[in-house]
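A.B. asks: mind folding the following:
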Amino acid sequence: MNTFDEGLRCQDVHTGLRNLDPNSPVLAPLTETQKIGMAAGLASLIKGQDVVPDAQALRTVAAEQLDVSPYAFNDVVYSLEQAGFVSNIQTSGSRIVSFNEEVPYYRGMYEGLGEAWRDNAPSALEQQVVALVGGLANAPIPVEELADRLGLDTSELPQILDVSLESHLVKIIELRDGKMAYSPFMGFEKPDAISDLVIEYGGPEIADAFLALRGEQGMPLSQAGPVISDAVQHGLIMAPSVTTPGGAPEAFPVLPYSVDRELLKARKPVLDKALGVIACLKCGEYYGGASSLSRAQLVLVINKWLDPDRGSLPPHSSHRRQYELLHRMGMVRFDPDSKPGGTWVVPTFIDSPDNRAALELARDLVTFGEDVGNRVDDESARAALALGSQYVSPMQTIGRAREKKTLSSSQWEKVISAAYGRGVL
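C.D. replies: This next block holds a predicted model:
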């Protein structure tokens, strides 16, 4: 693997390991990979800020949004310094107070982090887990061929598979002639190819469900039917989750089959932000009560944030709570109250290239093929974006999904067999 792929897969491995108990002993041999994976997430979060003036506030956000352990925060920041992505680190005792941000474009970011991972001498187990996830993200491989095809140590393969299966980094499906391994990142990074295979080989029931999802990106999982629910559990569809106003978690499956491949792999942090916005908007559409918006109006909600003459909201007592999710994702900042003696915050859109690309992608996916002529007032637009107080990434949705036997495994076997037959998708 080259350094770009290694840096990228370190982030993917950390994403999967977030499904495990942080105190689990199985994580001990993977510390260097976890650290670089955390560094990738933190670099994506701070990219474009130039200066991080309050590192302790960032420490809290990183813990809540990225599962960057507060105890690992300093090591993660120093890893970014090692890669040349932050400088001028200011400290007070053992605490990091502030630093400058110099994160490059994503390809350079992952290459630099891959080099840092190599320099830190990852263990043989770490190298093999990264190789396993990277190999299976390209295409399924028969379990009995994993060691030979990916250069893995046969004696360590059971341990490698145990941690990868438990964290949902790898899935195994029984075929008639043996077991087949694949990674959810195969479906996440190549949704168009997987969708086409599902529609061609999965049978009428599965094909109809996928076509329906193509027609409405982000429909609530609870209303999407057993086929889509099963596909999410199998890691073939990404489904970001947010907490509804009633306090219950809800997932919103998305099948971004017509987007730029760079957003699905090299720039996946941008996609992750777009998925968070989609989940908030669809939560507003289905669970917003009196402020519910039609699908055709959702695009106008995003347009209000993209409008350079807007971009911020007047101070309000509820804004900090309502916009905490977008703040944690680095989409908005909380500026101080402009009124004399005011103690509220002003949510202001952080108009960076990544954030703008994320909003534009969310708009394209949510409103594909929709008439967007209807107007929407400011209050409804703000309410829609404010819904959803906690974001859960697609990998964590897989980990938290309850296993339900809804379809015969033979229907999915045909799809995975077809993917294997196509080689690298």
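
A.B. asks: for the rest of this, base every contact and every neighbour count on C-alpha atoms.
C.D. replies: Will do.

A.B. asks: state the pLDDT value of the closest residue to I160 other than its chain neighbours.
C.D. replies: Nearest residue to I160 in three dimensions, chain neighbours excluded: V129, at 6.1 Å (Cα to Cα, 6 or more residues apart in numbering). On pLDDT, V129 comes in at 96.

A.B. asks: tell me who's in contact with V129.
C.D. replies: V129 makes contact with 13, 160, 164, according to Cα atoms under 8 Å, 6 or more residues apart in numbering.

A.B. asks: mean confidence (pLDDT) on the strand or helix carrying the second one, please.
C.D. replies: When elements are assigned from DSSP states H and E, I160 belongs to helix 157-166. Average pLDDT, helix 157-166: 93.

A.B. asks: next: stretch 217-237.
C.D. replies: Here the average pLDDT along stretch 217-237 is 90.

A.B. asks: what about the strands in the stretch 301-425 of the chain?
C.D. replies: For the stretch 301-425 of the chain, strands defined by DSSP state E, counting those that start in this stretch occupy the ranges 332-336, 345-349, 391-392.

A.B. asks: nearest to Q217 among those would be which one?
C.D. replies: strand 391-392 (17.2 Å; Cα to Cα).

A.B. asks: so what secondary structure elements neighbour the closest one?
C.D. replies: With contacts defined as 3 or more Cα pairs under 8 Å, 6 or more residues apart in numbering; DSSP states H and E, the packing partners of strand 391-392 are strand 241-243.

A.B. asks: looking only at pLDDT, what's the mean for the next helix-or-strand element following the strand it packs on?
C.D. replies: Going down the chain from strand 241-243, the next helix or strand is strand 249-251, by DSSP H and E. Mean per-residue pLDDT for strand 249-251: 89.

A.B. asks: so what strands line up beside strand 249-251?
C.D. replies: strand 241-243 (antiparallel) (DSSP bridges).

A.B. asks: what comes up buried for the strand it pairs with?
C.D. replies: For strand 241-243, burial by neighbour count (16 or more other Cα atoms under 10 Å) applies to 241-243.

A.B. asks: cool, and stretch 248-260?
C.D. replies: Neighbour-count burial for stretch 248-260 [16+ other Cα under 10 Å]: 249-257.

A.B. asks: contacts for it, please.
C.D. replies: 190-193, 195, 213-214, 217-222, 228, 232, 237-244, 275, 279, 282, 365, 397.

A.B. asks: just the buried ones from those?
C.D. replies: Buried, going by 16+ other Cα under 10 Å: 190-192, 195, 213-214, 217-221, 228, 232, 237-244, 275, 279, 282, 365, 397, out of those.

A.B. asks: tell me which of those fall in strands.
C.D. replies: 241-243 (DSSP state E).

A.B. asks: tell me the least confident of the residues you listed?
C.D. replies: Among those, T243 has the lowest pLDDT, at 81.

A.B. asks: with adjacent residues omitted, what lies nearest to that residue?
C.D. replies: Using Cα to Cα, 6+ apart, the closest residue to T243 is P249 (4.3 Å).

A.B. asks: residue contacts, the residue positioned nearest the centre of the chain?
C.D. replies: With distances taken as Cα atoms, centre = their mean, D272 lies nearest the centre of the chain, 4.0 Å away. Contacts for D272 were tallied using Cα under 8 Å, 6+ apart; they are S393.

A.B. asks: what's the average pLDDT for the helix or strand where it lies?
C.D. replies: Using DSSP H and E, D272 falls within helix 268-287. Taken as a whole, helix 268-287 has a mean pLDDT of 85.

A.B. asks: also stretch 69-84?
C.D. replies: 95.

A.B. asks: check what contacts it and list those residues.
C.D. replies: Against stretch 69-84 from outside (Cα under 8 Å, 6+ apart): 35-36, 38-39, 43, 59-60, 62-63, 86-87, 95-96, 102-103, 112-113, 115-116.

A.B. asks: go again using 6 Å as the cut-off
C.D. replies: Stretch 69-84 is contacted by residues 35, 39, 63, 86, 112, 116 when judged by Cα atoms under 6 Å, 6 or more residues apart in numbering.

A.B. asks: stretch 227-235 now?
C.D. replies: So stretch 227-235 is in contact with 184, 237, 398, going by Cα under 6 Å, 6+ apart.

A.B. asks: among the residues you listed, which are in helices?
C.D. replies: Mapping the contacts of stretch 227-235 onto helices (DSSP state H) picks out 184, 398.

A.B. asks: distance to V68 added to the contacts of stretch 227-235, as TSV?
C.D. replies: Converted to TSV, the contacts of stretch 227-235 look like this (distance: Cα to Cα, whole Å):
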residue	distance to V68
P184	22
I237	25
I398	20
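
A.B. asks: could you check the angle whatever helix or strand the residue nearest to I160 lives in makes with helix 157-166?
C.D. replies: Following DSSP H and E, the helix or strand that holds V129 is helix 124-138. For helix 124-138 against helix 157-166, the angle by axes from the mean of the first three to the mean of the last three Cα atoms, to 10 degrees is 60 degrees.

A.B. asks: what residues of helix 124-138 count as buried?
C.D. replies: 125-138.

A.B. asks: would you reformat these as JSON lines and include distance to A419?
C.D. replies: JSON lines is the format used below for the buried residues of helix 124-138 (distance: Cα to Cα, whole Å):
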{"residue": "L125", "distance to A419": "27"}
{"residue": "E126", "distance to A419": "27"}
{"residue": "Q127", "distance to A419": "25"}
{"residue": "Q128", "distance to A419": "23"}
{"residue": "V129", "distance to A419": "22"}
{"residue": "V130", "distance to A419": "21"}
{"residue": "A131", "distance to A419": "19"}
{"residue": "L132", "distance to A419": "17"}
{"residue": "V133", "distance to A419": "16"}
{"residue": "G134", "distance to A419": "16"}
{"residue": "G135", "distance to A419": "14"}
{"residue": "L136", "distance to A419": "11"}
{"residue": "A137", "distance to A419": "11"}
{"residue": "N138", "distance to A419": "10"}
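
A.B. asks: I am finished for the moment; much appreciated.
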